[in-house]
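*Asks:* What follows is a protein structure lacking sequence information:
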């Protein structure tokens, strides 16, 4: 991505944590992982996260107050992003859907609202956790 070529050192470090480690991370978890790289204050991480978010390189999961690296290219059109969050292992999957985009745009228009960005967070079980749950014998 073009924007990645102009990242600051702190932005690069924060983005690498989110890309290299699984699951969402809070700003303080990111800071803990980067203290050895010279980051000392939460503000350093928050500034990097804000800039990365503005460039659509990371997403904030509102329900978790945590961040994940973006795994798709947004282009000029910002689609509604759907985050599937596993309640057991914490895995987060990211997807977009044209049908959902259209439905949200229509809903916004009916309400006289100009939609600029949308994120939907759904909770449940990832396929691995769902399989493990179904293969476990029922306890009496």
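*Replies:* Structure received. Treat the numbers as computed from the prediction; the structure is a model and nothing was measured.
*Asks:* gap between the helix or strand of the chain with the lowest mean pLDDT and the chain center?
*Replies:* Least confident element among the helices and strands of the chain, by mean pLDDT, DSSP states H and E: helix 127-135 (a mean of 86). Remark: helix 127-135 is offset 23 Å from the chain centroid, using CA atoms, centre = their mean, to the nearest Å.
*Asks:* Quick one: mean pLDDT for stretch 66-82?
*Replies:* What stretch 66-82 shows for mean pLDDT is 79.
*Asks:* Check the separation of the first and last residues in that stretch.
*Replies:* 15 Å (CA to CA, to the nearest Å).
*Asks:* and if you look at stretch 52-63?
*Replies:* End to end - CA to CA - stretch 52-63 spans 19 Å.
*Asks:* At which residues are the strands of this protein located?
*Replies:* For the chain, strands defined by DSSP state E occupy the ranges 58-61, 66-69, 81-86, 92-96, 119-124.
*Asks:* I'd like the ones you listed written out as JSON lines, with mean neighbour count and distance to residue 9 added.
*Replies:* C-beta here means a position set from N, CA and C on the backbone, and glycine is covered the same way. Putting the strands of the chain into JSON lines (neighbours: other CB atoms under 10 Å; distance: least, CB to CB, whole Å) gives the following:
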{"stretch": "strand 58-61", "mean neighbour count": "20", "distance to residue 9": "16"}
{"stretch": "strand 66-69", "mean neighbour count": "22", "distance to residue 9": "17"}
{"stretch": "strand 81-86", "mean neighbour count": "19", "distance to residue 9": "27"}
{"stretch": "strand 92-96", "mean neighbour count": "16", "distance to residue 9": "26"}
{"stretch": "strand 119-124", "mean neighbour count": "12", "distance to residue 9": "28"}
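*Asks:* Kindly reformat the ones you listed as a markdown table containing distance to residue 134.
*Replies:* Output for those, formatted as a markdown table (distance: least, CB to CB, whole Å):
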| stretch | distance to residue 134 |
| --- | --- |
| strand 58-61 | 26 |
| strand 66-69 | 27 |
| strand 81-86 | 15 |
| strand 92-96 | 19 |
| strand 119-124 | 13 |
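*Asks:* No more questions from me, cheers.
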